[in-house]
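# below is the sequence, then the predicted model.
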Amino acid sequence: MKNKVHTNHDVIRWAVQRSGRSIEKLRQRFDKIDGWLDGSEYPSLSQLKSFAKLTATPLGYLFLASPPSEKLPVTDFRTLDDARVRRPSAALLNTIYEQQQRQSWMREYLISIGEDKLPFVGATSINSTIEIAARNMQSLLQLTDGWAANHSTWKDALKTFVESIENVGVLVSTSSYLGTKTNWALSVDEFRGFVLNDEYAPLIFVNGADSKSARMFTLAHEFVHVMIGQSGVFDLPFTQSGDDEVEKFANQVAAEFLVPAERLIKDWDRSFSAGDQLRKLASIYKVSPVVMARRALDLKLIPSRAFREFYKKVRAEWELDKAKRKEKGGGGGDYYRDQASRLGNRFSQALVSSTREGRTLFNDAYRLSGMRGSTFHKYADFLQNRESRG
């Protein structure tokens, strides 16, 4: 047992389960991990450090006598088969912690340069009428009626939506993986996004593993939470919100904002079959087919039976598409453009500006961005060039 660390096998098992990593993959790295799990073997300190890194576990936790009880640092609005999800994964927890660090830096930076608090954060009551809240949201974001329909693709509409949110002072981050670990995907089944509210630097995180049409609703829903002034983690299972009054309000306002009732009723054409009509309108309004179906159901444009049938069909298609995306993997893409999405344009511009002005140390910028040395400087140049191109 020389040079071995006497860890508790329950803690090792907890770390494996928390990480979501398969035991098969961990065996490839640690050939005696089964012994660690049953207590017949112990890791060396160097092995324990590697295990902590590979499972995204704080090293200190692995020296505990029993597994710790971790809780989400924000309100948990997630549901799974009508039951509250109890154990957050390492990916979700570490993503929230990472975003909290960036938000904290941004808050201090904004205060240091004399910025005021954002007046709309927490200014909306859930007792407001849905229509007024949605109209106020559209006015605040300076979006015109039918703005999404004016874009030919979901990608363009989503880009406009993100930019409009960042322009009013909200940080928006979108990523499909944990930090810079491109081989560690975030699960849409676990969460679609979260909000970290703050009067200076409210932050919205969107799970980029989700479809662009689904992200439209997630963004709208999360911005409503900023207006309410409440943080939270969401899975938004096909726009279902359970019995929580805050979630019901956020869903209803998001739906009215994206698909205004008056306009949808006017656009509804009963000469089409329900399925064809829903898909056609979803592509026009740039929302997912399920969001459109739910909206049509709430406005009594389709019966509940038609909604259930359509929902079942779309969910099957979604599961198949998810499997295909998982099999295909993340792919290539433009590295610096991906980083801009991961960090968010508002945060990136502030961090680069502060660093070049000497307000922020380069080591701190490297830590906050996840990019070091020449990579960070090339990213800064990329942002400058993109800004100059408009």
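Structure received. Numbering: from 1, shown residues only.

# burial of Glu24, as a residue count?
7 (other C-beta atoms under 10 Å). Where you see a C-beta, it was placed from the backbone N, CA and C, and this is true even at glycine.

# oh, that last question was meant for Asn167, not what I typed.
Asn167 is flanked by 12 other residues according to other C-beta under 10 Å.

# which parts of the chain are strands?
Along the chain, the segments classed as strands by DSSP state E run 79-80, 83-84, 171-175, 177-178, 181-185, 193-196, 203-207, 232-234.

# ranking these by mean pLDDT, which is last?
Here those differ in mean pLDDT, and the lowest is strand 83-84 at a mean of 48.

# against Gly373, how distant is Asn197?
Asn197 sits at a distance of 34 Å from Gly373 (criterion: C-beta to C-beta, to the nearest Å).

# ok, the two, which is more surrounded?
Asn197 (21 against 9).

# can you pull the contacts of the more buried one?
Val121, Gly122, His225, Val226, Gly229, Gln230, Ser231 (C-beta atoms under 8 Å, 6 or more residues apart in numbering).

# out of those, who's nearest Gly179?
Within the contacts of Asn197, the smallest distance to Gly179 is 20.4 Å, found for Ser231 (C-beta to C-beta).

# for Leu186, see how far away Leu219 is.
Leu219 sits 16 Å away from Leu186, going by C-beta to C-beta.

# compare those two (neighbour count), which wins?
Looking at Leu219 and Leu186 with other C-beta under 10 Å, you find the greater number of neighbours at Leu219, namely 24 against 21.

# enumerate every residue touching that one.
The contact partners of Leu219, by C-beta under 8 Å, 6+ apart, come to Leu158, Phe161, Val162, Ile165, Val172, Gly193, Ile204, Val206.

# can I get these in CSV with distance to His6 and neighbour count?
Below are the contacts of Leu219 laid out as CSV (distance: C-beta to C-beta, whole Å; neighbours: other C-beta atoms under 10 Å):
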residue, distance to His6, neighbour count
Leu158, 51, 20
Phe161, 53, 23
Val162, 49, 22
Ile165, 50, 23
Val172, 45, 24
Gly193, 41, 26
Ile204, 44, 26
Val206, 43, 23
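
# of these, just say which sits nearest to Phe347.
Each of the contacts of Leu219 was checked against Phe347 using C-beta to C-beta; the closest is Val172, at 8.7 Å.

# could you point out the longest helix of this structure?
Looking only at the chain and at elements set by DSSP state H, the helix with the highest residue count is helix 304-328.

# tell me what angle that one forms with strand 181-185.
Using axes from the mean of the first three to the mean of the last three C-alpha atoms, to 10 degrees, one finds that helix 304-328 and strand 181-185 are set 140 degrees apart in direction.

# could we number from 6 for the rest of this?
With the count now opening at 6, the last piece we talked about shows up as helix 309-333.

# may I see the buried residues of helix 309-333?
Ala311, Phe312, Phe315, Tyr316, Val319, Trp323, Lys327, Arg330 (16 or more other C-beta atoms under 10 Å).

# check stretch 204-219 too.
Judged by neighbour count (16+ other C-beta under 10 Å), stretch 204-219 contains these buried residues: 204-215, 217-219.
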